[in-house]
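J.: below are the sequence and a predicted model; questions follow.
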Amino acid sequence: MEDFLSEFPELSRETLRFIKKGFDASYRAFSREYGDAIEAVFDPVLYFLVWFEKLLQNSPWPIVLICFLAVIYFGSRKISVTIGSLFAFLLIGIFGMWEDTMSTVSIIGVCTMLSIGIGIPVGVLMAKSERAQRICTPILDVMQTMPSFVYLIPVVMLLGIGKIPGLLAVVIYAIPPIIRLTNLGIREVDKEVLEAADAFGANPRQKLFQVQLPLALPTIFAGINQTIMMALAMVVIASMIGVKGLGQPVLKAITNQYFAMGLFNGLAIVALAIIFDRVSQSFGHRIQQHRSGSRE
Amino acid sequence: MSEIKIQIKNLYKIFGKNPKSALEKVKDGVNKDELLEKHNHVLGLKDISLDIKEKSIQVVMGLSGSGKSTLIRHINRLIEPTDGSVVVDGEDVLKMNDESLRNFRRTKTAMVFQRFALLPHKTVLENTQFGLHIQNIDEKESNTRARRWIDRVGLSGYEEKYPQHLSGGMQQRVGLARALTNDGEILLMDEAFSALDPLIRKDMQDILLELQDELHKTVVFITHDLDEALKIGDRIAILKDGIMDQEGIPADILLSPKTQYVKDFVEDVNRARVIKAKHIMSKLNGQDRDNAMFVDQDDFIDRFIDKVISDKPSCLIVKNKNNDEIGYLSSKRLSEILKR
């Protein structure tokens, strides 16, 4: 009796080992059986990612820089952000991190596109069906709180080390905000406006594309912004499974205690984050200017 | 003789988890408070029957919570009734499938909302075209039609503005233009002018009446304001707690309120402004024409009351549009009407 109270009644070591072993063995069998097939599914993404990375790295740097600045200017319409970005990119180049930065930009770019491509439809589905919301919410909770190292294990077991597992890890970590905020944005759409759409005989597709998505756009944009930020935060962890970019030197710096090296690359990530953030935020503001009530 | 356009019959609406079983109780005589307290269901509408005539303005009046907005939403089935039927042009709205219901909403009805319900990301022109875009009508035609109605409600020059840049009154003009552009025979107006300032509200009422003279739509107009109801309604239905207290022409409601509730409601109304000569005239039986005064059947009392006081006619002879004498009014009757 005393034993029972002082020690939590746990499964015997024997049983626990059996469970863990059985679980691992069956997952291993699964990955041996289907690993190649699943990898094949991601081939198009891999080709695109490699092509994009090569494009950024092999094009002459002034052209890439000018393209970036053009995108930044037309995204934000702010001279200050553009000039700030110019200096940030120049410093990154001078300190020898241009190539790694291009790798990081390419993987973040692809991850963001994937997240938008998957996240918005899932968010729409959640907003449309209570059942989908009940199923998705706990999954999103797990995705956001599960330590990323834990889900790296099955991903690596399944697909090995490389770009695609890294990409998956980043997407898993970064996709929840855009799903949640798409869902929220659509659910927040003014009920009376929706009723008006119904009263004029809009079908569900017309309601989605003409009313719900446009009205949810500011919220969706906040989600995209967060998704980009979270993807950037993952680059170091992704580098542990072989994703090239600014994360790898940081990882090297951690293991070898190279403080300066870690600092430079860390600052480069910060610079990228600030640029992405400012551009996506001012773009988000601009597309909804007419609703702010300011009379031009 | 005008035809019945919308026929609402024994309509019940109960909100809650199990409206069907609550319906039985309501039919057995459980009242609204008891239903809420004991059975946790809200009685929205109880046994509403209403025939709405073609080309007339039917006002549904009541205070908040009376079920008037619920009632209007049954006509285009934005709300499903618990029991009863809604027939428009001989077709049962409740039996339509999704597709034919959408078609019905696109072509037969148009709605104007209390808080405008405009799309903030679209311009005035695009908002006005909304119904036509939904119907996939080609851009050229929808553009012309929308511009015509924007012009008609007095918003020319604002086509490219966004709703947020307009005042409340102007936004509701857009709402009205959007509904008129849709060109349905039925116009549903849910407290359309209630959110507007009094002066602007009067403007909008005048616009509506002016348009109605020309368009002859079947209008269902929801309001909580008796003056508004009396001004624009051809007929008025008064709702209280989901029950229809009285339905009739404005003068009848003023002169013979059926329940205490209606009586309280109409007490402070200036009758001279609402009652027309034809409402209170008696049949002619050899009245003296010597010192008589002639009035038009559609004149409100306050149009001729001053003259009655100064000229002191022996009686008033009421004439119709063809100048036929159709009835008379004694000064005694007139003062009775106005005294109360």
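T.: Arrived safely. Numbering: from 1, shown residues only, chains lettered A, B, ... in the order given.
J.: give me the neighbour count for residue 4.
T.: Let's take chain A. Neighbourhood size, residue A:4 [other C-beta atoms under 10 Å in any protein chain shown]: 8. C-beta here means a position set from N, CA and C on the backbone, and glycine is covered the same way.
J.: should've been chain B
T.: Residue B:4, neighbours per other C-beta under 10 Å, totals 15.
J.: next, the closest residue to it other than its chain neighbours: secondary structure please.
T.: Sequence neighbours aside, residue B:51 is the residue nearest to residue B:4 in space, at 4.8 Å (criterion: C-beta to C-beta, 6 or more residues apart in numbering or on different chains). Assigned by DSSP: H, G, I helix; E, B strand; the rest coil, the conformation of residue B:51 is strand.
J.: and residue B:51, how far is that from chain A?
T.: 22 Å (C-beta to the nearest C-beta, to the nearest Å).
J.: so how far is residue B:58 from that residue?
T.: In this view, residue B:51 and residue B:58 are 9 Å apart by C-beta to C-beta, to the nearest Å.
J.: how confident was the prediction at residue A:291?
T.: pLDDT, residue A:291: 61.
J.: neighbours of residue B:81, how many?
T.: The tally of other residues near residue B:81 (other C-beta under 10 Å) stands at 24.
J.: would you confirm that it contacts residue B:10?
T.: No: taking C-beta atoms under 8 Å as the definition, residue B:81 is not a contact partner of residue B:10, at 9.5 Å.
J.: with just CA atoms, put whichever strand or helix holds residue B:328 into PDB.
T.: Following DSSP states H and E, one finds residue B:328 within strand B:325-329. Taking C-alpha atoms only, strand B:325-329 is exported to PDB below (Å, rounded to 0.1, in the frame of the first residue of the first chain):
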ATOM      1  CA  GLU B 325     -69.200  63.500 -55.200                       C
ATOM      2  CA  ILE B 326     -68.700  60.300 -53.100                       C
ATOM      3  CA  GLY B 327     -69.400  61.300 -49.600                       C
ATOM      4  CA  TYR B 328     -69.600  64.000 -46.900                       C
ATOM      5  CA  LEU B 329     -68.000  65.100 -43.700                       C
END
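J.: give me the buried positions along that strand.
T.: Neighbour-count burial for strand B:325-329 flags B:327-329 (criterion: 16 or more other C-beta atoms under 10 Å in any protein chain shown).
J.: and stretch A:84-93, by the same measure?
T.: Neighbour counts over stretch A:84-93 (16+ other C-beta under 10 Å) mark A:84-85, A:88-89, A:92 as buried.
J.: ok, now which ones touch the residue lying closest to residue A:230 once chain neighbours are set aside?
T.: In space, residue A:230 comes closest to residue A:174 once its chain neighbours are excluded; the distance is 4.2 Å by C-beta to C-beta, 6+ apart. By C-beta atoms under 8 Å, 6 or more residues apart in numbering or on different chains, the residues touching residue A:174 are A:111-112, A:115, A:227-228, A:230-231, A:234.
J.: what about the longest helix in the chain?
T.: Picked chain A for this. Taking DSSP state H as the criterion, chain A has its longest helix at helix A:98-128.
J.: meant chain B, my bad for not saying
T.: Secondary structure of chain B per DSSP H: the longest helix is helix B:198-215.
J.: what about that one, average pLDDT?
T.: So the average pLDDT for helix B:198-215 ends up being 91.
J.: related to what we said a few turns ago, out of the buried residues of strand B:325-329, which one sits closest to chain A?
T.: The closest of the buried residues of strand B:325-329 to chain A turns out to be residue B:327 (C-beta to the nearest C-beta; 43.3 Å).
J.: need the contact list for that closest one.
T.: Contacts of residue B:327 by C-beta under 8 Å, 6+ apart are B:278, B:281-284, B:297, B:317-318.
J.: ok, the residue lying closest to it once chain neighbours are set aside - contacts?
T.: The spatially closest residue to residue B:327, leaving aside those adjacent along the chain, is residue B:281, at 3.3 Å (C-beta to C-beta, 6+ apart). Counting by C-beta under 8 Å, 6+ apart, residue B:281 touches B:297, B:318, B:326-329.
J.: next: residue B:321.
T.: By C-beta under 8 Å, 6+ apart, the contact list for residue B:321 reads B:296-297.
J.: can you give me the separation between it and chain A?
T.: From residue B:321 across to chain A, the span is 38 Å (C-beta to the nearest C-beta).
J.: so where's the stretch 151-300 of chain B shaky on pLDDT?
T.: Of all residues in the stretch 151-300 of chain B, none has pLDDT under 70.
J.: ok, the residue nearest to residue A:230 to chain B distance?
T.: Taking C-beta to the nearest C-beta, one finds residue A:174 at 27 Å from chain B.
J.: SS state for that residue?
T.: Using three-state DSSP, the structure places residue A:174 in helix.
J.: before we move on, back to that, chain B: which of the buried residues of stretch A:84-93 is nearest?
T.: residue A:85 (29.3 Å).
J.: where's that closest one, which helix or strand?
T.: In this structure, residue A:85 sits in helix A:79-94 according to DSSP H and E.
J.: in terms of secondary structure, what does that helix contact?
T.: Counting contacts by 3 or more C-beta pairs under 8 Å, 6 or more residues apart in numbering or on different chains; DSSP states H and E, helix A:79-94 is packed against helix A:61-76, helix A:98-128, helix A:259-287.
J.: rerun that using 6 Å as the cut-off
T.: helix A:61-76, helix A:259-287 (3 or more C-beta pairs under 6 Å, 6 or more residues apart in numbering or on different chains; DSSP states H and E).
J.: just want the angle from it to helix A:98-128.
T.: For helix A:79-94 against helix A:98-128, the angle by axes from the mean of the first three to the mean of the last three C-alpha atoms, to 10 degrees is 130 degrees.
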